[in-house]
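Visitor: Take this sequence and fold it.
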Amino acid sequence: MYPMYAVALIFVFVNLLVTCRPSTFRSDFHWDGQPDDLYIDGDETKGVAPLFCEGTPATPNSYWASLFLTILVYITGSAITPIYFLNWWMGYYFWFSAMYYQCLMIFPALYNRLANYRSNVKVYFYTLISLLLANLVLLLTTWFVSKDYEGYNHYDESTGEANDVGEYEDASAHNATILSWYLFSPFWMLYFVIGAVTAFLYDAYRPGEKNNTYIWGYVADGCTLLMVIWSICLICQDGNGNHDNGYALRPDEGDRFTDTAVTSRLWDNICGRLIAPLTTTWVFALSTGEGWTASILRTPFYVEVIAPHAYNCFLFHQPVGQWYLAATRQGHWWNWWRYRKTMYWFSPSPVPVEWYEYFYVVILTVGFSALMNVTAMPFVSGIINLIGEVVFGVSNDDDDIDMEDALIVAIEDMTGFAPELDWTLDQCGLSSVGLPQLAARLQKGLSSKTTPIPVSAASLGSARTVGDIVDVLYQIKEQAEADGI
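Guide: Alright, predicted model coming up:
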């Protein structure tokens, strides 16, 4: 994970150098939201190249301070509230990585707290229901308090035409409020806690060992069907505030292009979080392995071919989509590069391609991920290992490695506590979700220059306890030595 994060950082730094440099830095620009209209100190100027950048909210008048702070924030994985005032939003998805690091920080304390009620189904169930209700109250309160915020008045609400710059209003306070709510880490960490409680509930109730376990297959497939139908309805409904068709899955306040996209963006986020009970039930039911959905998702194609690219696709789908548009539109870059965005923070408009081109972009993104795995990943991993040897004296040259100690150290690094050999993977907080990361750590930690140890999540899939993993690791090492790998 970390080597690929470093590769993505390199892409972001290149983007910074290409799109935002001292010659493009201006603090006196204003924009009415139209690609061809720029204003300098209130005077309309046509034909001015719109490739320029502003400083961060913390350093609006300093290019070098903004650049330094952005690099510092991304390297340290700190792109999270209230640090967002310090950085340019060049690497949007690094914010989620920062959120992931915070979840890892609280996991040991969370696990120890939940472990105190081991096998108490009622405690886990009522805790889960309480968290889901708290999520609902939080979302509804936020929406009804914020939905009527006034925007910047960029557009006339009755005609939809752009207003004169002199009619603009200052809505920065409302914008900052909604942005801060969106990026506030505890509001996102709530779902991490919900997932942890759900895992403990599953371990206590063990639905996969019941006589009626097949019912959970119907539940999982039903949830899958509901999410597919909901997604189709969201995509097919009319937009831009036109609700004459008699139905709308968006409230009026969240469906007005005359707004600055603050309220509509807020609704997009709240809408996704409202279905937390559905997705939680779906994951719980899928864990039993019953149903058509589970049978499809555990096929070798998904597990061995597609799954290893999940994190890479998450990091690189944005630049791949932009490169695809430029390659197929005679070099015309998406307005991400060419024009100012209508929003300061992340997720502006989608790449404007035809619906069938979505599948092309997905295939290209997976292919690019595979290319990064065989080229950039080994190179960056080698640099990281070299730094570890030179700076910290960490070396992987010792072939006589104690598998048991190495495994316990790896799990302790991931979870914050040292496990016993008879602990199950669920007790360690690993289960199937943590196996890919554990496999990557073990392969890196156990392999030496003379004997690489090919550890994969699939090879650890049969293990049920920590001791089972130790046995699997010895088998892999013996096989590697026998094959002369």
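Visitor: Please name the nearest non-neighbouring residue to the residue nearest the centre of the chain.
Guide: Using CA atoms, centre = their mean, the residue of the chain that lies closest to the mean C-alpha position is residue 96, 4.5 Å off. With CB to CB, 6 or more residues apart in numbering as the measure, residue 314 is the residue that lies nearest to residue 96, at 7.6 Å, once sequence neighbours are left out. Where you see a C-beta, it was placed from the backbone N, CA and C, and this is true even at glycine.
Visitor: so the one you found sits right up against residue 93, yeah?
Guide: Yes - between residue 314 and residue 93 there is a contact at 6.1 Å, judged by CB atoms under 8 Å.
Visitor: one step back: and the residue nearest to the centre of the chain, its phi and psi?
Guide: Recorded main-chain torsions at residue 96 are phi -70, psi -30, according to degrees, to the nearest 10.
Visitor: What helices and strands are in contact with the helix or strand harbouring residue 365?
Guide: Element membership of residue 365, judged by DSSP states H and E, is helix 357-374. Using 3 or more CB pairs under 8 Å, 6 or more residues apart in numbering; DSSP states H and E as the contact criterion, the secondary-structure elements in contact with helix 357-374 are helix 310-328.
Visitor: and the helix it packs on, what does it pack onto?
Guide: Packed next to helix 310-328, using 3+ CB pairs under 8 Å, 6+ apart, are helix 2-19, helix 357-374.
Visitor: Mind checking those helices for the one nearest to residue 175?
Guide: Taking CB to CB as the measure, the helices and strands packed on helix 310-328 were each checked against residue 175, and helix 2-19 came out nearest at 22.3 Å.
Visitor: Mind pulling up the pLDDT for residue 191?
Guide: Reported pLDDT at residue 191 in the predicted model: 94.
Visitor: Let me know the next secondary structure element after the helix or strand that contains it.
Guide: Secondary structure from DSSP H and E places residue 191 in helix 185-205. Using DSSP H and E, the next helix or strand after helix 185-205 towards the C-terminus is helix 215-236.
Visitor: which parts of that following helix are buried?
Guide: Under the neighbour-count criterion of 16 or more other CB atoms under 10 Å, helix 215-236 has 216-217, 219-224 buried.
Visitor: from the residues you listed, which is closest to residue 454?
Guide: The closest of the buried residues of helix 215-236, once distances to residue 454 are taken by CB to CB, is residue 220, at 32.3 Å.
Visitor: thought that closest one was touching residue 290?
Guide: Yes - Residue 220 lies in contact with residue 290 (CB under 8 Å); the separation is 6.8 Å.
Visitor: can you give me the helices in the stretch 251-400 of the chain?
Guide: For the stretch 251-400 of the chain, the helices defined by DSSP state H, counting those that start in this stretch occupy 262-274, 276-286, 291-297, 300, 310-328, 335-338, 357-374, 376-392.
Visitor: For residue 75, which non-adjacent residue is closest in space?
Guide: Distances taken as CB to CB, 6+ apart place residue 9 nearest to residue 75, at 6.9 Å, with adjacent residues excluded.
Visitor: Residue 110 now?
Guide: The shortest distance from residue 110 to any residue that is not its chain neighbour, by CB to CB, 6+ apart, is 5.6 Å, and that residue is residue 196.
Visitor: Isn't that neighbour up against residue 114?
Guide: Yes - in this structure residue 196 lies within contact range of residue 114 using CB under 8 Å: 6.3 Å.
Visitor: looking only at pLDDT, what's the mean for stretch 265-273?
Guide: In this model, stretch 265-273 has a mean pLDDT of 85.
Visitor: what's the answer for stretch 127-137, then?
Guide: Along stretch 127-137, the predicted confidence averages to a pLDDT of 96.
Visitor: counting contacts, what elements does the longest helix along the chain pack onto?
Guide: When the chain is parsed with DSSP state H, its longest helix is helix 121-146. Applying 3+ CB pairs under 8 Å, 6+ apart, one finds that helix 121-146 contacts helix 172-183, helix 185-205, helix 262-274, helix 276-286.
Visitor: and the direction of that helix versus that of helix 185-205, what angle?
Guide: Our comparison of helix 121-146 with helix 185-205, counting by axes from the mean of the first three to the mean of the last three CA atoms, to 10 degrees, yields an angle of 160 degrees.
Visitor: Please name whichever of the helices and strands packed on helix 121-146 is nearest to residue 377.
Guide: When the helices and strands packed on helix 121-146 are ranked by distance to residue 377, counting by CB to CB, first place goes to helix 185-205 at 26.7 Å.
Visitor: Check what contacts the helix or strand where residue 107 lies and list those residues.
Guide: In this structure, residue 107 is located in helix 94-115 according to DSSP H and E. The list of residues contacting helix 94-115 from outside it, by CB atoms under 8 Å, 6 or more residues apart in numbering, reads 5, 8-9, 12, 74, 77-80, 84, 124, 183, 185, 188-189, 192-193, 196-197, 200, 314, 346, 414-417, 427, 429.
Visitor: One more: stretch 123-132?
Guide: Here stretch 123-132 makes contact (CB under 8 Å, 6+ apart) with 114, 117, 190, 193-194, 197-198, 200-201, 204, 276-277, 280.
Visitor: what does stretch 404-411 give?
Guide: Counting contacts by CB under 8 Å, 6+ apart, the residues outside stretch 404-411 that touch it are 418-419, 421, 428, 430, 438, 441-442, 445-446, 466, 469-470, 473.
Visitor: Could you break the protein into its assigned domains?
Guide: 117-290, 396-483 (automatic domain parsing).
Visitor: Would you quantify the distance from residue 368 to residue 375?
Guide: Note on residue 368: its distance to residue 375, by CB to CB, to the nearest Å, is 10 Å.
Visitor: Among those two, which residue is more densely surrounded?
Guide: When residue 368 is set against residue 375 and neighbours are counted by other CB atoms under 10 Å, the residue ahead is residue 368, at 18 against 11.
Visitor: Next one: the closest residue to the more buried one other than its chain neighbours from residue 142, what distance?
Guide: Nearest residue to residue 368 in three dimensions, chain neighbours excluded: residue 320, at 5.4 Å (CB to CB, 6+ apart). According to CB to CB, residue 320 stands 33 Å off from residue 142.
Visitor: ditto for residue 222
Guide: Counting by CB to CB, the separation of residue 222 from residue 142 is 29 Å.
Visitor: ditto for residue 277
Guide: Applying CB to CB, one obtains 18 Å for the distance of residue 277 from residue 142.
Visitor: Which one of those two is surrounded by more residues?
Guide: Neighbours per residue, other CB under 10 Å: of residue 277 and residue 142, the larger number sits with residue 142, 19 against 15.
Visitor: Pull the contacting residues for the closest residue to the more buried one other than its chain neighbours.
Guide: Excluding the flanking residues, the one nearest residue 142 by CB to CB, 6+ apart is residue 181, at 6.1 Å. Taking CB under 8 Å, 6+ apart, we find residue 181 in contact with 142, 146, 187, 266.
Visitor: Counting neighbours, which of those comes out on top?
Guide: residue 266 (23 neighbours).
Visitor: From residue 5, how far off is that one?
Guide: 29 Å.
Visitor: Check residue 182 too.
Guide: 22 Å.
Visitor: and residue 35, what pLDDT?
Guide: The per-residue pLDDT reported for residue 35 equals 42.
Visitor: Over to residue 236?
Guide: So residue 236 comes in at 77 (pLDDT).
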